[in-house]
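[1] give the three-dimensional model of this entry:
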Amino acid sequence: MDDDVDRIQQAWARERPGTPVESIGVITRVWRIGKILNDERRRTLTRLGVDAATLDLLSTLRRAGRPYQLPAGELASLSLVSAGAISQRVARAEQDGLVRRDKAGPDGRSVLVTLTDAGNRLLDRTVDDLLRHEQTLLDALTGTQRDQLTDLLRVLLASLSTRSESTGRSP
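    Here you go, the predicted model:
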């Protein structure tokens, strides 16, 4: 049961004998799956009335546990974005009343970001719907297959993350 990716891999093997093409079977499929999942998430979040960056910010704060607050630098690190990007996200969310910024530290130069009640309500309205929808995207896999895929992706992500850290690039 060949698919488009198998045909791409076979064509490269035919056209470039000796070129290592084995990665195409994994990387091209992961890339295509990532694109489909990204599009699905974007459409679902649009329907739910929230953008991905805001959801990521609010979710990171919520997962931190009570009092749902983190230093801006830690937020940036956990969100895999730059300090400038997290600053922009926080500013937009603060303007919408979803988070609050407070000065912290002995010199007051640090910033603590706190999830507000409005931000918490937005999460409560959206997260279950989003995750229920995303669960349906995995319906083609059995529970055992999902567990196997989770384990394999964990190994690959850890390897790629370590590689990125050693080269100074974000995963």
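
[2] what about the helices in the chain?
    All helices of the chain, identified by DSSP state H, fall at 4-15, 22-48, 52-63, 72-79, 83-95, 117-136, 143-167.

[3] can I get the ones you listed in JSON lines with mean neighbour count, mean pLDDT and distance to Gly105?
    Any C-beta I mention is one placed from the backbone N, CA and C, and that applies to glycine too. Formatted as JSON lines, these follow (neighbours: other CB atoms under 10 Å; pLDDT from 0 to 100; distance: least, CB to CB, whole Å):
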{"stretch": "helix 4-15", "mean neighbour count": "13", "mean pLDDT": "96", "distance to Gly105": "51"}
{"stretch": "helix 22-48", "mean neighbour count": "13", "mean pLDDT": "96", "distance to Gly105": "34"}
{"stretch": "helix 52-63", "mean neighbour count": "19", "mean pLDDT": "96", "distance to Gly105": "18"}
{"stretch": "helix 72-79", "mean neighbour count": "17", "mean pLDDT": "94", "distance to Gly105": "11"}
{"stretch": "helix 83-95", "mean neighbour count": "16", "mean pLDDT": "95", "distance to Gly105": "15"}
{"stretch": "helix 117-136", "mean neighbour count": "14", "mean pLDDT": "96", "distance to Gly105": "23"}
{"stretch": "helix 143-167", "mean neighbour count": "11", "mean pLDDT": "91", "distance to Gly105": "27"}
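
[4] count the residues that sit near Arg66.
    Arg66 has 7 neighbours, counted by other CB atoms under 10 Å.

[5] got it, and the one 5 residues further on?
    Residue crowding around Pro71 was assessed by other CB under 10 Å; the count is 14.

[6] so it makes contact with Ser110?
    Yes. If you go by CB atoms under 8 Å, Pro71 and Ser110 touch, sitting 5.9 Å apart.

[7] anything in contact with each of those two?
    Here Pro71 and Ser110 share the contacting residues Ala104, scored by CB atoms under 8 Å, 6 or more residues apart in numbering.

[8] give me the domain ranges for this structure.
    1-16+25-48, 49-166 (automatic domain parsing).

[9] hmm, back to that, right, and the helices of the chain - which one's nearest Lys103?
    Closest to Lys103 of the helices of the chain is helix 72-79 (CB to CB; 10.9 Å).
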